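Participant: next come a sequence and a model predicted from it.
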Amino acid sequence: MEHKTTYWQENLRLIFICLIIWFVVSYGFGILLVEQLNEFRLGGYKLGFWFAQQGSIYTFVGLVFWYTRQMNKLDAKYKVEDE
């Protein structure tokens, strides 16, 4: 039972990290810091605009792959099996 609790806590930690990163990129960079980021350009577009339109999507896709890799490691660590 201890392994299941620890496994779940580590899983929640990974989810929390993903949510914080996604929030910072989508809300922080795309809304709160948009004016400061618009001083820079990325591929001809203002950086704040890019984060609001594309950056949060790319970050989300990257987080999905990162989360998958981390969960595979976690599963191997705890040898999670179907019940």
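Facilitator: Structure received.
Participant: quick one: the strands in the protein, in order.
Facilitator: 41-42, 45-46 (DSSP state E).
Participant: deepest-packed of these, please.
Facilitator: Most buried of the strands of the chain by mean neighbour count (mean count of other C-beta atoms under 10 Å) is strand 45-46; its value is a mean of 15. No exception for glycine: its C-beta is placed from N, CA and C like everyone else's.
Participant: direction included, what does that one pair up with?
Facilitator: Partners of strand 45-46 in the sheet, by DSSP bridges, are strand 41-42 (antiparallel).
Participant: who touches the strand it pairs with?
Facilitator: L47, W50 (C-beta atoms under 8 Å, 6 or more residues apart in numbering).
Participant: ranking the strands of the chain by mean pLDDT, which is last?
Facilitator: Looking at the strands of the chain, the lowest mean pLDDT belongs to strand 41-42 (a mean of 84).
Participant: re earlier: out of the strands of the chain, flag the one nearest M71.
Facilitator: Smallest distance to M71 across the strands of the chain (C-beta to C-beta): 30.8 Å, for strand 41-42.
Participant: just to revisit the earlier point, quick one: which of the strands of the chain is nearest D75?
Facilitator: Here strand 41-42 is closest among the strands of the chain (C-beta to C-beta), at 36.3 Å.
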